[in-house]
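**Q** Pasted the sequence and its predicted model underneath.
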Protein chains: 2
Amino acid sequence: MRESKTSRPPRAIDVAAAAGVSTATVSRAFNAPEKVLPEVRDKIFAVAAELGWLPNAAGAALASRRTWLAGVLIPTLDHDVFAAQVNALQARLSASGITVLIGCSNYDLDEAAEQVKVMLARGIEALAVVGELQRPELFEMISARGVPYVVMYSHSPQSAHPCVGFDNQAAFSKLTRYLLDLGHRNFAVIHQPSLDNDRVLARLSGIRAALASEGLALRPQHVFEGPATFEFGRESLRKCIDSAGPRPTAIICGNDTLAIGALIEARAMGMDVPGSLSITGFDDLPIAEFTSPPLTTMRVDNVAIGKAAADYLLTRLSQQAIVPREAFEAELIVRGSTGPTGE
Amino acid sequence: MRESKTSRPPRAIDVAAAAGVSTATVSRAFNAPEKVLPEVRDKIFAVAAELGWLPNAAGAALASRRTWLAGVLIPTLDHDVFAAQVNALQARLSASGITVLIGCSNYDLDEAAEQVKVMLARGIEALAVVGELQRPELFEMISARGVPYVVMYSHSPQSAHPCVGFDNQAAFSKLTRYLLDLGHRNFAVIHQPSLDNDRVLARLSGIRAALASEGLALRPQHVFEGPATFEFGRESLRKCIDSAGPRPTAIICGNDTLAIGALIEARAMGMDVPGSLSITGFDDLPIAEFTSPPLTTMRVDNVAIGKAAADYLLTRLSQQAIVPREAFEAELIVRGSTGPTGE
DNA sequence: GGACGTAATGTAAGCGCATACATGCTGGCC
DNA sequence: GGCCAGCATGTATGCGCTTACATTACGTCC
């Protein structure tokens, strides 16, 4: 491990010289140990450790045409849902010797395409991307290079892409159905920005579809779109309650953060939840269990999705077989924030 | 962008041929545009786009001896604090054309050293690492290669490493001091696993130091170490209250999750917070403002830390000047979960 | 005992680029 | 008008590794 700060890092040829072998043998000792005599191998390992040699990945990639790199493209790391998926995916791929490049698009499609371009230049051999609503050139680029990919988190039956996720539309239809069955007929929705976001769009259409099956619809003044923060949830709840006309008895929120914000504000306004107002979330954040009342929400196993996406890519990397797409289901978690209409 | 799936990706020489120039000019068009005649440059760009050529990073790295890669080593992405730091750091470095490799150690020092080894093999030119409690070989490896690094998140005055973070010990001393000034004399602590974790260790010693200055100490039965979950917070609070002997009037928690767990349980047990029990957290999670009562906690600007770490590395990368270490301060946020002792 | 298979290692080419150096060309200046 | 500066581009080498192929040594089998 000795090596002066000024000199360049040792190369395979240095190890070879010190061990009295050729660079080919050094390479084999690390990449195909069984092809090298145990004593020679041990000598090489000892010398490499002594010199602090690490095989230069760029050289290896160039010569072997393998980078052992994969990419994952998500909107942001600043969201438990994506962080959990990436964490699981990375753990899995890392165990197979694959380094993962994480790209964040910040919900910007052009940025997403740009990130993929950078990743491809780096030589990723597989890619997982959140959301299937992307610039067409994004999929074109990876297809042109024959890089296997998978769409994570969302899963729509008619999707043109392999995907590992759940059906956002079906999930919100189920949730809405649950509320309809409770007797609710007046709904409000508080949701995240929908621009370029297929998950949010699918959720909204799931709600509308379920309502339509009962001949119901959302009033424009009862749909609130804004940042996924507690504050926006609170503010929207207030506007919703204060607005003229028939007051909603059920509020469907795009995620738990918005729902908890709404819940907090409803309680602050002295409203009876679920007596006179039902509120639902999505994600089942750990805190959802502990709000008062506990939040009715839906749970998705993000760790499983990350693992499944990794497994899918690993399979595609090792063989040509087409693996069936994997559908997860969002599970409805009924807690205390929802109940029958008071009427 | 045409290119069959079977053929290998185009190379610079293909672009050169199609544009009627040499590979040197293609390289210059992308890396030193001002050295190429505008019309030639445009032709090259057009051809490159047409062919879908992306410069192979491995080849570029080998030839230029620059990888434009940096690494960041964190315990896990599954924690808002680290995710926020990484997100900010990555955004900053990405804007400078640097790709960041994210390594997660899962709080395991050997795994951390292994990750750094992999990163060095990939050719990272800079490294940010959370926590200064690491295997010595970790720092030896990066020093041997002359790779600039910075310790993120923690910052202790006597540290041997450049660091961008705050003084965990001082922060918890300040917090404890605040409670002491409120009249508290009986304390309990609920904290995360301290093994190999300098942040947690420093926090504990900050608490003990402040108490010692008043001749006080923590009773072993009032110190709870376990996973940073709501559940462990609840469970510990219950044990704490049910335990024999003098009951603590203030509970210092290692982070907000534990504190909120404790708060929930205290309220469930019918205790008056802060009337008969004060509870503090750390991190100032968004939800901390909305618990009942709102949680007294401490805030650290993780986004700023991530940015500052990136800036430090960027500076070290561009010049040799030693940049002074940057000290952040944890800000005390007094809310409703703390108050004077009831006595 | 000689031919041959096999295992261990060496030799050398080349992966896709960047860049030092060479070349050619234009224009300005005395 | 000749010379030279300076610009645009080309030529060719090598970055550090892997791997096809060559070589060597050895054991085996008839």
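**A** Yep, that arrived. Numbers count the residues shown, from 1 in each chain, chains lettered A, B, ... in the order given.
**Q** Need the three-state assignment for residue A:165.
**A** For residue A:165, the secondary structure call by DSSP: H, G, I helix; E, B strand; the rest coil comes out as strand.
**Q** Could you list the low-confidence segments of chain A?
**A** Within chain A, the segments meeting pLDDT under 70 span A:1-6, A:320-321, A:323-324, A:342-343.
**Q** 90 instead?
**A** Applying pLDDT under 90 to chain A picks out residues A:1-8, A:154-160, A:243-246, A:318-327, A:341-343.
**Q** So which residues of it form strands?
**A** A:69-74, A:99-104, A:127-130, A:149-154, A:163-166, A:187-191, A:223-225, A:250-253, A:278-280, A:297-299, A:326-328, A:331-333 (DSSP state E).
**Q** for the ones you listed, which one ends up most surrounded?
**A** strand A:250-253 (a mean of 29; mean count of other CB atoms under 10 Å in any protein chain shown). Every residue, glycine included, has its C-beta placed from N, CA and C.
**Q** which helices and strands does that one pack with?
**A** Where contact means 3 or more CB pairs under 8 Å, 6 or more residues apart in numbering or on different chains; DSSP states H and E, strand A:250-253 is packed against helix A:168-181, strand A:187-191, helix A:230-242, helix A:256-268, strand A:278-280.
**Q** repeat that with 10 Å
**A** helix A:168-181, strand A:187-191, helix A:198-212, helix A:230-242, helix A:256-268, strand A:278-280 (3 or more CB pairs under 10 Å, 6 or more residues apart in numbering or on different chains; DSSP states H and E).
**Q** Looking at the ones you listed, spot the one closest to residue B:34.
**A** helix A:198-212 (41.6 Å; CB to CB).
**Q** Send over that closest one as PDB, restricted to the C-alpha atoms.
**A** C-alpha atoms of helix A:198-212 as PDB (Å, rounded to 0.1, in the frame of the first residue of the first chain):
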ATOM      1  CA  ASP A 198     -47.800   9.700 -16.000                       C
ATOM      2  CA  ARG A 199     -48.200   8.400 -12.500                       C
ATOM      3  CA  VAL A 200     -50.200  11.400 -11.400                       C
ATOM      4  CA  LEU A 201     -52.200  11.500 -14.600                       C
ATOM      5  CA  ALA A 202     -53.100   7.800 -14.200                       C
ATOM      6  CA  ARG A 203     -54.200   8.400 -10.700                       C
ATOM      7  CA  LEU A 204     -56.500  11.200 -11.700                       C
ATOM      8  CA  SER A 205     -58.000   9.100 -14.400                       C
ATOM      9  CA  GLY A 206     -58.500   6.200 -12.100                       C
ATOM     10  CA  ILE A 207     -60.500   8.500  -9.800                       C
ATOM     11  CA  ARG A 208     -62.500   9.900 -12.600                       C
ATOM     12  CA  ALA A 209     -63.200   6.500 -14.100                       C
ATOM     13  CA  ALA A 210     -64.500   5.100 -10.800                       C
ATOM     14  CA  LEU A 211     -66.700   8.200 -10.300                       C
ATOM     15  CA  ALA A 212     -68.000   8.000 -13.900                       C
END
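**Q** DNA strand C contacts on the stretch 201-343 of chain A?
**A** By CB under 7 Å from any atom of the strand, no part of the stretch 201-343 of chain A sits against DNA strand C.
**Q** Smallest gap between the stretch 201-343 of chain A and DNA strand D, at which residue?
**A** Of the stretch 201-343 of chain A, the residue with the smallest distance to DNA strand D, taken as CB to the nearest atom of the strand, is residue A:317 at 15.1 Å.
**Q** Find the centremost residue of chain A, please.
**A** Against the mean C-alpha coordinate of chain A, by CA atoms, centre = their mean, the closest residue is residue A:82 at 3.8 Å.
**Q** For the closest residue to it other than its chain neighbours, name its beta-bridge partners.
**A** Distances taken as CB to CB, 6 or more residues apart in numbering or on different chains place residue A:74 nearest to residue A:82, at 4.3 Å, with adjacent residues excluded. Beta bridges link residue A:74 to residue A:104, judged by DSSP bridges.
**Q** Is residue A:74 in contact with residue A:153, as I believe?
**A** Yes - assessed by CB atoms under 10 Å, residue A:74 is found in contact with residue A:153 at 8.6 Å.
**Q** just to revisit the earlier point, mind checking which of the strands of chain A is nearest residue B:87?
**A** strand A:99-104 (6.7 Å).
**Q** do that closest one and DNA strand D meet?
**A** No - Strand A:99-104 is not in contact with DNA strand D by CB under 7 Å from any atom of the strand; minimum separation 14.7 Å.
**Q** Export that strand to CSV, keeping only CA atoms.
**A** Coordinates of each C-alpha in strand A:99-104 appear next as CSV, following Å, rounded to 0.1, in the frame of the first residue of the first chain:
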residue,chain,number,x,y,z
THR,A,99,-22.1,-0.1,-10.3
VAL,A,100,-25.2,2.0,-10.6
LEU,A,101,-25.3,5.5,-12.0
ILE,A,102,-28.1,7.5,-10.5
GLY,A,103,-29.6,10.2,-12.6
CYS,A,104,-32.2,12.7,-11.3
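**Q** Please state the offset of that strand from the chain centre?
**A** 12 Å (CA atoms, centre = their mean, to the nearest Å).
**Q** Same question for stretch A:114-126.
**A** Relative to its chain's centre, stretch A:114-126 lies at 18 Å (CA atoms, centre = their mean).
**Q** In the stretch 101-250 of chain A, which residue sits nearest chain B?
**A** Nearest residue of the stretch 101-250 of chain A to chain B, counting by CB to the nearest CB: residue A:121, 4.1 Å away.
**Q** roughly how far apart are that residue and residue A:175?
**A** 42 Å (CB to CB, to the nearest Å).
**Q** near DNA strand D, which residues of the stretch 1-150 of chain A show up?
**A** Residues of the stretch 1-150 of chain A lying near DNA strand D (CB under 7 Å from any atom of the strand): A:8, A:11-13, A:23-24, A:26-28, A:30-31, A:53-56, A:58-60, A:62-64, A:66.
**Q** mind listing which of these are in helices?
**A** A:12-13, A:23-24, A:26-28, A:30-31, A:58-60, A:62-64 (DSSP state H).
**Q** nearest to chain B, of those?
**A** residue A:58 (3.9 Å).
**Q** Which residues are in contact with that closest one?
**A** By CB atoms under 10 Å, 6 or more residues apart in numbering or on different chains, residue A:58 lies in contact with A:67, A:123, B:56-65, B:67, B:69, B:121-123.
**Q** Could you identify the buried members of these?
**A** Neighbour counting by 16 or more other CB atoms under 10 Å in any protein chain shown classes A:67, A:123, B:56-58, B:60-62, B:67, B:69, B:121-123 among the contacts of residue A:58 as buried.
**Q** okay, the helices and strands packed on strand A:250-253 in CSV with distance to chain B next?
**A** Formatted as CSV, these follow (distance: least, CB to the nearest CB, whole Å):
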stretch, distance to chain B
helix A:168-181, 23
strand A:187-191, 16
helix A:198-212, 19
helix A:230-242, 6
helix A:256-268, 5
strand A:278-280, 14
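**Q** would you turn these into TSV with distance to residue B:307?
**A** Listed next are these as TSV, based on distance: least, CB to CB, whole Å:
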stretch	distance to residue B:307
helix A:168-181	33
strand A:187-191	30
helix A:198-212	29
helix A:230-242	24
helix A:256-268	24
strand A:278-280	36
